[in-house]
Structures are given as structure tokens and as C-alpha cells.
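> here is my input, please return the structure:
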Amino acid sequence: MPELPEVETTTRGLAPHLTGQRVAEFQVRNPRLRWPVVADANAQLAGRVIERLHRRSKLMLIQMSGNLTALSHLGMSGSWRIADPSLTPKPHDHLLLSLENGVQARYHDPRRFGSFELCPTDQLDQHPRIRSLGPEPLTDAFDAARLYRLSRGRKAPVKAFVMDNQVVVGVGNIYATEALFAAGIHPKRAAGQVSQARYQRLVVEIKAVLARAIDSGGSTLRDFVNSDGQPGYFAQTLTTYGRAGRPCVGCATPLKSMVIGQRTSVWCPSCQR
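Here you go, the predicted structure:
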């Protein structure tokens, strides 16, 4: 599933093409996404100017003139790409956003687990997909003091704790695995047993691993491509995720794996405690 770096990569890739442009037409070729696209989407969008593209958690937000924002979730296999409007759309190109300057962005989603919703911009903080979210991990609002305070008394594994979107958004399985290894913390250690000093190290590593992934264009997930149709390359630098049984890059001890919160976790039995 595309995670925060993939959504950030998509948002940054689309922004130069869409920002400041007026919508000519919004064509819904298949409304049956995770939640049905509203029937009057074209009537609501046509004629509006795209003022800003930004991201909140794993949602790409397309802010329009006239107090309207579109929320786009990529689901498991979705991607937005700039396309030549003269080319016939592909079978899984479900949404076509055409601009008056001739640019067209297409939402492609073979599994249709993504979504496209509309919300008044001034009500965005109360949208059900946003209102319960924790802080963004690359901002100052995400710090060790917050993790330490929220973790007290928590018996859940620290990995599950930092993957909770109410604690901090966007720390998916790959990035939690990598950050916990870099911080030397065992993924199954109870969140309430991690000291504030160790949380400080973990915060630094979460920010670093996400920043590197964004700079690399996201991970090479099977279905993910960026707005140019190219895969990301962060997976080439993974130290633990997907490497169970292989030697640790730090001490050469074979890496182990287990399932935590229905997700495979890989760790080094020597370097992480």
C-alpha cells in the first residue's frame, strides 16, 4: 500500500502541473471506488482554480477556489499521472481531471480501493478521514515528549504504537521497521517500557527514514509509481524490511521476523533490545 512518502512524492510531482490552473472538466469513468464518487463531481469542480496541492497523512489534498477541497486516497494500487489527453484512457483510468491549459491528470487504480471525496475547505479538520489524525512526523509537533506521554502504561508493542495514526501519521510498516532498527529498539518491546531518551532517538530516525524515502521517490512497492509513471527507489537502501534470515548490516547476525499487529516485522536480535 502506498505510504506517506509515496503520497508526498505524488503530490510534489503533480503540484507544478496543477497549481494555479482552472478545471475544464472532471470525468468520472468509474465511480465505484472505495467510496462512490459523488454524481455531481464535475458540476462542483468545473471552473474552479486549483490553489494548492498538499498532503495530510496519506491523503492528497487538492485545494480549490470557492472553499472546496478534494481528498484523494491512493488505496492499495492507485496512482495519479500526468497524461496526454489525446491518448485513449486505460481500462483502470477511473478519473480524468482536465485543465483549461490542456493538461490532464488521470487517476489509475486496478483494485479500486482508493477514494476521491469533496469537502468544504473550512470544514476539512472535521472530515472523518482527518479529524482523529495525529501530527505529521516531519513537523515539530511530533517529538519524544509526545511519544513518552502517550505511551505511559501502554503494553502494546512499540512498533504498533508508532504505527497508530492517532499517535503520529504516516509511519507505515516499512518505515517503522527501518526506524526501530536504526534506533536499536526491539519492535515488540512494550511502548510503556521505552524511555524518553530512547524515544528521542526513535523520533530522529523516523524523521530521517521518511525524509530519505521522499527524496528517493518512495519505495519500490509492486503497484506504486510516481506522477511520471516511474517507481521509487528507496527499497534499494532498506536495512531490515524484507531481509529476514539475511545478515544484519551492523553485526552480521541473521535477522529474525515475526508478525506484530498482522504485519511482518524484521529485527536484529543483537542490535535491538
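> report the buried residues of stretch 22-35.
Judged by neighbour count using 16 or more other Cβ atoms under 10 Å, the buried positions of stretch 22-35 are 23-24, 26, 28, 33-34. Where you see a C-beta, it was placed from the backbone N, CA and C, and this is true even at glycine.
> quick one: terminal-to-terminal distance for it?
With Cα to Cα, to the nearest Å as the measure, stretch 22-35 spans 26 Å from end to end.
> distance from it to the middle of the chain?
21 Å (Cα atoms, centre = their mean, to the nearest Å).
> begin at 315 from now on, thanks
Got it, first residue is 315 now, which makes that one stretch 336-349.
> helices of the stretch 415-564 of the chain, start to end?
In the stretch 415-564 of the chain, the helices defined using DSSP state H, counting those that start in this stretch lie at 458-465, 472-476, 487-497, 510-529.
> export the ones you listed as CSV, with columns for mean neighbour count.
Listed next are the helices of the stretch 415-564 of the chain as CSV, based on neighbours: other Cβ atoms under 10 Å:
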stretch, mean neighbour count
helix 458-465, 17
helix 472-476, 24
helix 487-497, 24
helix 510-529, 18
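> which of those sits closest to residue 567?
For residue 567, the closest of the helices of the stretch 415-564 of the chain is helix 487-497, at 12.0 Å, according to Cβ to Cβ.
> related to what we said a few turns ago, out of the buried residues of stretch 336-349, the closest to residue 480 would be?
residue 348 (20.6 Å).
> beta-bridge partners for the residue nearest to the closest one when sequence neighbours are not counted, please?
Leaving aside its chain neighbours, residue 348 sits nearest to residue 429 (4.5 Å; criterion: Cβ to Cβ, 6 or more residues apart in numbering). Beta-bridge partners of residue 429, counted by DSSP bridges, are residue 387.
> my guess is residue 555 contacts residue 492. True?
Yes - in this structure, residue 555 is within contact of residue 492 by Cβ atoms under 8 Å, at 6.0 Å.
> I'd like the helices of the stretch 415-564 of the chain as TSV, with distance to residue 396 and mean pLDDT appended.
TSV is the format used below for these (distance: least, Cβ to Cβ, whole Å; pLDDT from 0 to 100):
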stretch	distance to residue 396	mean pLDDT
helix 458-465	38	98
helix 472-476	34	98
helix 487-497	26	96
helix 510-529	19	96
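> would you turn the ones you listed into JSON lines with distance to residue 322?
Shown next, in JSON lines, are these (distance: least, Cβ to Cβ, whole Å):
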{"stretch": "helix 458-465", "distance to residue 322": "21"}
{"stretch": "helix 472-476", "distance to residue 322": "18"}
{"stretch": "helix 487-497", "distance to residue 322": "12"}
{"stretch": "helix 510-529", "distance to residue 322": "5"}
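> nearest to residue 503, out of those?
helix 472-476 (5.2 Å).
> what lies in contact with the closest one?
Here helix 472-476 makes contact (Cβ atoms under 8 Å, 6 or more residues apart in numbering) with 461, 464-465, 468, 481-482, 485, 490-491, 493-494, 499-505, 508, 516, 520, 574-575, 579.
> with stretch 385-393 instead?
Looking at what lies outside stretch 385-393 - Cβ under 8 Å, 6+ apart - the contacts are 315-316, 320-321, 324, 347-348, 372-376, 394, 421-433, 441, 443-444, 537-541.
> same question for stretch 512-525.
Residues outside stretch 512-525 that contact it (Cβ under 8 Å, 6+ apart): 318-319, 451-452, 456-458, 461-462, 465, 472, 476, 482, 484-485, 489-490, 492-494, 496-499, 508.
> please redo it, this time with the cut-off set to 6 Å
Identification of contacts with stretch 512-525 by Cβ atoms under 6 Å, 6 or more residues apart in numbering yields 451-452, 457-458, 461-462, 485, 489, 492-493, 496-497.
> against residue 356, how distant is the closest residue to residue 482 other than its chain neighbours?
Nearest residue to residue 482, sequence neighbours excluded (Cβ to Cβ, 6+ apart): residue 448, at 4.7 Å. Separation of residue 448 from residue 356 (Cβ to Cβ, to the nearest Å): 34 Å.
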